[in-house]
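Peer 1: Fold the following for me, if possible:
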Amino acid sequence: MRLTKSEHDRVKDSRQNGDEIILVISDLHIPYHHQDSIRFLRAVKEHYNIEDKNPNHHIFNVGDEADFHGISMHDSETSLPTQHNETLKARKVFKELESLFPKMTLVHSNHGSMLYRRGKKHGIPNYMLRDYNEVLGVGDGWKWFADYKFKMNNGQWLFMTHGMKKNGLALAKEMGMCVIQGHYHTTFEINYTSSPLSLSWNLAVGCLIDDHSLAFAYNKVNSARVILGCGIIINGQPKLLPMVLEKGGRWNGVVN
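Peer 2: Numbers count the residues shown, from 1 in each chain. As a prediction, this is how the structure comes out:
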């Protein structure tokens, strides 16, 4: 049964004005991101009419927004740029991403928070380190949290963390709320759990990396390959948005 014209117009108006929309991005690892990832995110924004000034629209980033390969805790690939050159290259991408999403909520992560991890290892207090907005060259519309709790318009609580537990559904049960996680590049899924009082879920949105980059050479020992995409939550209901590649490794241009 098709919608009548008036019903169709009401749905369209609701999507544009009344819906709560949360875009969930994870694990870009800039500047070692997929070359079409920003274009993909721009298309998602346009497809879902996400507006920067709409108070019901939110951009959540689950961490590893930057890679910081040059100061990794592991051995660096010598053919990759030094951290200085990596940062200069990354800043150009972050300015492009900031122009797309001037406001963003991010959580700390093993790669994204490398400066603080390095500082802690070598006894450097946090107040002696620059904040990430300055390091990445973005404005104060981007805000970082250790973990983040958010009450959705449907009354449910949402918990965002980078990678607290591999079993995201178990984490949702423990937290008693819906959960978003990153970190696990090969995990792209939605799982549900219920109680007498609520239906909760776990959302894992894969990553947006260039899997062929030497920055991820450590992953070549695993048979499972990364899954590219992001997620969106509309009025409390999650959906996965895969970034499907054509032969040759380029995005096919379709937002599913």
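Peer 1: going forward, measure contacts and count neighbours with C-alpha atoms only.
Peer 2: Will do.
Peer 1: so where's this structure uncertain?
Peer 2: 1-17, 221, 223 (pLDDT under 70).
Peer 1: what are the ranges of the strands in it?
Peer 2: 21-25, 57-61, 104-107, 142-145, 148-151, 157-161, 178-181, 188-194, 199-205, 229-234, 237-242 (DSSP state E).
Peer 1: so which of those strands is the most packed in?
Peer 2: Across these, the average number of neighbours (mean count of other CA atoms under 10 Å) peaks for strand 178-181, which reaches a mean of 28.
Peer 1: Packing partners of that strand?
Peer 2: Other elements packing on strand 178-181 under the criterion 3 or more CA pairs under 8 Å, 6 or more residues apart in numbering; DSSP states H and E are strand 157-161, helix 168-175, strand 199-205.
Peer 1: Against Val255, how distant is Ala43?
Peer 2: 7 Å (CA to CA, to the nearest Å).
Peer 1: burial count for the nearest residue to Glu20 once chain neighbours are set aside?
Peer 2: Leaving aside its chain neighbours, Glu20 sits nearest to Asn56 (4.7 Å; criterion: CA to CA, 6 or more residues apart in numbering). Neighbour count for Asn56, taken as other CA atoms under 10 Å: 17.
Peer 1: For Phe94, find the nearest of the strands of the chain.
Peer 2: strand 142-145 (10.9 Å; CA to CA).
Peer 1: that older thread, wait, what's in contact with the residue nearest to Glu20?
Peer 2: Contacts for Asn56 (CA atoms under 8 Å, 6 or more residues apart in numbering) come out as Gly18, Asp19, Glu20, Ile21.
Peer 1: So which of those wins on neighbours?
Peer 2: Within the contacts of Asn56, neighbour counts (other CA under 10 Å) peak at Ile21, which reaches 27 neighbours.
Peer 1: who does that one bridge with?
Peer 2: His57, Ile234 (DSSP bridges).
Peer 1: right, and it touches Ile234 too?
Peer 2: Yes: using CA atoms under 8 Å, Ile21 is in contact with Ile234, at 4.7 Å.
Peer 1: how about the helices of the chain, start to end?
Peer 2: In the chain, the helices defined using DSSP state H lie at 5-17, 37-47, 83-100, 114-121, 132-136, 168-175.
Peer 1: Compare these and give me the one nearest Ser195.
Peer 2: helix 168-175 (9.1 Å).
Peer 1: Going by neighbour count, list what's buried in that closest one.
Peer 2: Gly168, Leu169, Ala170, Leu171, Ala172, Lys173 (16 or more other CA atoms under 10 Å).
Peer 1: who's in contact with the nearest residue to Lys149 once chain neighbours are set aside?
Peer 2: Counting by CA to CA, 6+ apart, Phe159 is the residue found nearest to Lys149 once chain neighbours are left out, at 4.6 Å. Neighbouring residues of Phe159 by CA under 8 Å, 6+ apart: Asp147, Tyr148, Lys149, Phe150, Met175, Met177, Cys178, Val179, Ile180.
Peer 1: Tell me who's in contact with the third one.
Peer 2: Read it as Lys149. Trp157, Leu158, Phe159, Met160.
Peer 1: swap the cut-off to 10 Å and go again
Peer 2: For Lys149, the contact set (CA atoms under 10 Å, 6 or more residues apart in numbering) comprises Trp157, Leu158, Phe159, Met160, Thr161, Met177, Cys178, Val179.
Peer 1: One more: Thr187?
Peer 2: Taking CA under 10 Å, 6+ apart, one finds Lys166, Gln181, Leu203, Ala204, Val205, Gly206, Cys207, Ala224, Arg225, Val226, Ile227, Leu228 in contact with Thr187.
Peer 1: His47: which of the helices and strands packed on strand 178-181 is closest?
Peer 2: The nearest among those, by CA to CA, is strand 199-205 at 18.0 Å.
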